[in-house]
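> For reference, the sequence and a predicted model appear below.
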Amino acid sequence: MREYKPRAIESIAQRELLQFDSELVNGEPKVVPIEEMIELHYGIILQYRNLSKKGHIHGITVFEDSIIPIYDDANKRYEPIVVKAGTILIDKRLLASNKNNRLRFTLAHELAHYILHSEYYLEVQELASKISTESDFRTEKEADELGAAILMPQGRLKVAIKRNVHQMERKELIYHLSHIFEVSTQAMEIRLKKLRLYMEER
Ligand SMILES: [Zn+2]
């Protein structure tokens with residue numbers, strides 16, 4: 001299967017953001033409305049369900065019409081439901097207000113699978129939630145990277161850093177950046193490291 005180099009991931013993120021709303025690439029650094037992007041720009045159906053009993057599965061991207069077991073809280077058992085191709089299922093426990101960053105990252109991760117891995121998953125006839133073989137490990141990593149690149153566009157991130165780097169301590173800056181883009185501080189740290197931006201303790 002096709003492997004995506006870091007630079008390719010960045011240009012795919014830029015291309016997709018430009019097509020959705022060029023302001024996200026050229027305008028003020030701001031939050032990427034990931035849910036709208038998924039629903040309006042790609043026409044993907046988003047559904048919020050209990051994907052597992054304990055909540056360890058955050059999202060599933062469905063590439064072809066499938067039957068998927070969903071945990072039914074009331075009856076305390078898994079019930080199969082029919083899900084149409086082009087659907088992203090998200091665990092509904094991520095809708096809790098304190099889980100916003102996790103929700104946004106999961107949405108971006110699943111969208112990234114949709115953008116990068118449609119062909120691959122149609123070939124192997126599996127859902128994008130599986131993590132088992134080595135190539136699946138790679139698809140997970142790629143989805144994390146493209147998801148991060150969509151939520152934290154490289155150019156806007158640089159602008160936001162440049163503006164604030166002189167008046168803020170490292171910790172404060174990371175907090176500020178994660179607030180602008182509505183991501184966790186951990187996700188921001190990983191992104192900065194990946195881009196080799198402001199990574200050193202000074
Ligand atoms: Zn995944």
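Nice, I can see it.

> So which residues on this structure come close to the ion?
Glu140, Ala143 (C-beta under 5 Å from the ion). The C-beta positions use only the backbone N, C-alpha and C, and glycine is treated the same way.

> mind checking the SS state of the residue of the chain most remote from its centre?
What lies farthest from the middle of the chain is Asn75; by C-alpha atoms, centre = their mean that is 31.2 Å. Secondary structure assignment for Asn75 (DSSP: H, G, I helix; E, B strand; the rest coil): coil.

> So for it, what's the pLDDT?
pLDDT for Asn75: 93.

> any idea how far the ion is from it?
28 Å (C-beta to the ion, to the nearest Å).

> ok, which stretches of the protein are strands?
45-49, 59-62, 66-72, 77-83, 87-91 (DSSP state E).

> and the second one, what does it pack onto?
Think strand 59-62. With contacts taken as 3 or more C-beta pairs under 8 Å, 6 or more residues apart in numbering; DSSP states H and E, strand 59-62 sits against strand 87-91, helix 100-124.

> from the chain's centre, how far out does that strand sit?
12 Å (C-alpha atoms, centre = their mean, to the nearest Å).

> which outside residues touch it?
51, 68, 83-91, 106-107, 109-110, 113-114, 117, 121, 127-129 (C-beta atoms under 8 Å, 6 or more residues apart in numbering).

> Can you tell me which of these are buried?
51, 68, 83, 86-91, 106-107, 109-110, 113-114, 117, 121, 127-129 (16 or more other C-beta atoms under 10 Å).

> Might you list the low-confidence residue ranges for this protein?
125-135, 199-202 (pLDDT under 70).

> cutoff 50 now
130-132, 202 (pLDDT under 50).

> How many residues are close by Val25?
Counted with other C-beta atoms under 10 Å, residues neighbouring Val25 total 18.

> again but with Leu122, I slipped
Residues near Leu122, counting by other C-beta under 10 Å: 12.

> quick one: it and Phe63 touch, right?
Yes. Counting by C-beta atoms under 8 Å, Phe63 is a contact partner of Leu122 at 5.4 Å.

> residues near the residue nearest to Ala85 when sequence neighbours are not counted, how many?
In this structure, Ala85 finds its nearest non-sequential neighbour in Glu64, 4.7 Å apart by C-beta to C-beta, 6 or more residues apart in numbering. Neighbour count of Glu64, defined by other C-beta under 10 Å: 13.

> where does Glu64 fall, phi/psi-wise?
phi -140, psi 160 (degrees, to the nearest 10).

> distance of it from the ion?
The value you get for Glu64 to the ion, if C-beta to the ion is used, is 17 Å.

> Would you check that that residue makes contact with Glu119?
No. Look at Glu64 against Glu119 with C-beta under 8 Å: they stay out of range, at 11.8 Å.
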